[in-house]
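Q: Provide a 3D model corresponding to the input given below.
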Amino acid sequence: PVIRVKRGFTARMAITNKTQNPITTHCHGLHVEGEVDGGPQTAFAPGETWSPELNIDQPAATLWYHSHVHGKTGEQVYFGLAGLMIVEDPQAPATGLPETYGLDDIPLIVQDRSFSADNSLVYSNRGPALMHGFRAKEILVNGVIRPHATVSAGLIRFRVLNASNARIYTFSFEDDRPFHQVASDGGLLGKPIEMRSIRLAPAERAEIV
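A: The predicted structure is shown next:
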C-alpha cells in the first residue's frame, strides 16, 4: 500500500510481521531519528508488532519503505516488502501540479520479476546475482505485467520508483514526446526540467508531468 503522511504531524504506525522471518520497515528518505528509522538493528520477529512514531518534518517528497534486514534486503524487497510513502506539506505554497491521487497523480512502482512454470516467484542470490544483484525477466508496474491505465485529458503526474534489485531503467514515451521532471529523491525541484528520457537506478525516484 501507498502510505501518505503530512508535514507537521506524527505518523503512529503499527506493523505486524506476518512472514516467517525477521523483518524491518525502513522509510527510505524520511528524516527521522535513528531508533525509528527501521534499519537492521530494529528487526522484529514473526508475530511481533513494531509501533514507531514518526515525526514528519520535511518538504513534500516521494519516498519509499522496505524491509532492511542485513543480508536479506534484496530478497525481502523482491518478495513484496516495499511500497511508496508520500510526504505532503499542507503549509507549502500551491505548486499547480496535479494532486488528485489515483486520477492525475499516479504512483508507478517498477520492479523486475521472474516466474517458474507454476507462476511462483523465482529469486537467486548466488553466482553473478550475488555479486551484481538479481535481474529478472519480466518488468512489472504496481505488481502487474504490461499494465494499462486510462486517464483524462490534461496534465498527469507520475511518481516513478525503481524498486528493482539491480536493474537500471531509462524511461521515455513511445512517441518520444517531451515531459517535465518536477521532483527527484529529495523532493520538488526549483523549476521543472524538460526532457525526453530519464534514467533511474535502484531506489531512485522521480516525479514527471
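Q: low-confidence stretches in the chain?
A: Regions of the chain meeting the criterion pLDDT under 70 are absent.
Q: identify each buried residue in the top strand by length along it, please.
A: Determined from DSSP state E, the single longest strand within the chain is strand 105-115. For strand 105-115, the neighbour count (16 or more other CB atoms under 10 Å) marks 105-113 as buried. Placement of C-beta: from N, CA and C, glycine included.
Q: which helices and strands does the very next helix or strand once past it pack with?
A: Downstream of strand 105-115, the first helix or strand assigned by DSSP states H and E is strand 121-122. Helices and strands touching strand 121-122, by 3 or more CB pairs under 8 Å, 6 or more residues apart in numbering; DSSP states H and E, are strand 105-115.
Q: what about the closest residue to Ser124 other than its chain neighbours, how many neighbours?
A: Leaving aside its chain neighbours, Ser124 sits nearest to Phe134 (5.7 Å; criterion: CB to CB, 6 or more residues apart in numbering). Applying other CB atoms under 10 Å, we find 22 other residues in the vicinity of Phe134.
Q: again with the one 3 residues further on
A: Under the neighbour criterion other CB under 10 Å, Lys137 is assigned a count of 9.
Q: measure it to Arg167 for me?
A: Plainly put, Lys137 is 11 Å away from Arg167 if you go by CB to CB, to the nearest Å.
Q: overlap in contacts, these two.
A: Asp112 (CB atoms under 8 Å, 6 or more residues apart in numbering).
Q: need the CA coordinates for stretch 150-166. CSV is fine.
A: Extracted C-alpha coordinates of stretch 150-166, given in CSV (Å, rounded to 0.1, in the frame of the first residue of the first chain):
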residue,chain,number,x,y,z
THR,A,150,-7.0,5.2,-18.7
VAL,A,151,-6.5,8.8,-17.7
SER,A,152,-8.4,12.0,-18.5
ALA,A,153,-7.0,14.6,-21.0
GLY,A,154,-4.7,17.1,-19.4
LEU,A,155,-1.6,17.0,-17.3
ILE,A,156,-0.7,13.8,-15.5
ARG,A,157,1.8,13.4,-12.7
PHE,A,158,3.7,10.1,-12.4
ARG,A,159,5.6,9.3,-9.2
VAL,A,160,8.1,6.8,-10.5
LEU,A,161,10.1,4.5,-8.2
ASN,A,162,12.7,2.0,-9.4
ALA,A,163,12.2,-0.7,-6.7
SER,A,164,14.2,-3.4,-8.7
ASN,A,165,17.1,-5.3,-7.1
ALA,A,166,19.7,-4.3,-9.6
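Q: you'd agree the residue nearest to Ser124 is up against Asn165?
A: Yes - between Phe134 and Asn165 there is a contact under CB atoms under 8 Å: 4.7 Å.
Q: mutual contacts of these two, please.
A: What both Phe134 and Asn165 touch, as defined by CB under 8 Å, 6+ apart, is the set 74, 78.
Q: and for the protein, the residue most distant from the center?
A: Distance from the C-alpha centroid of the chain, by CA atoms, centre = their mean, peaks at Ala117 (28.2 Å).
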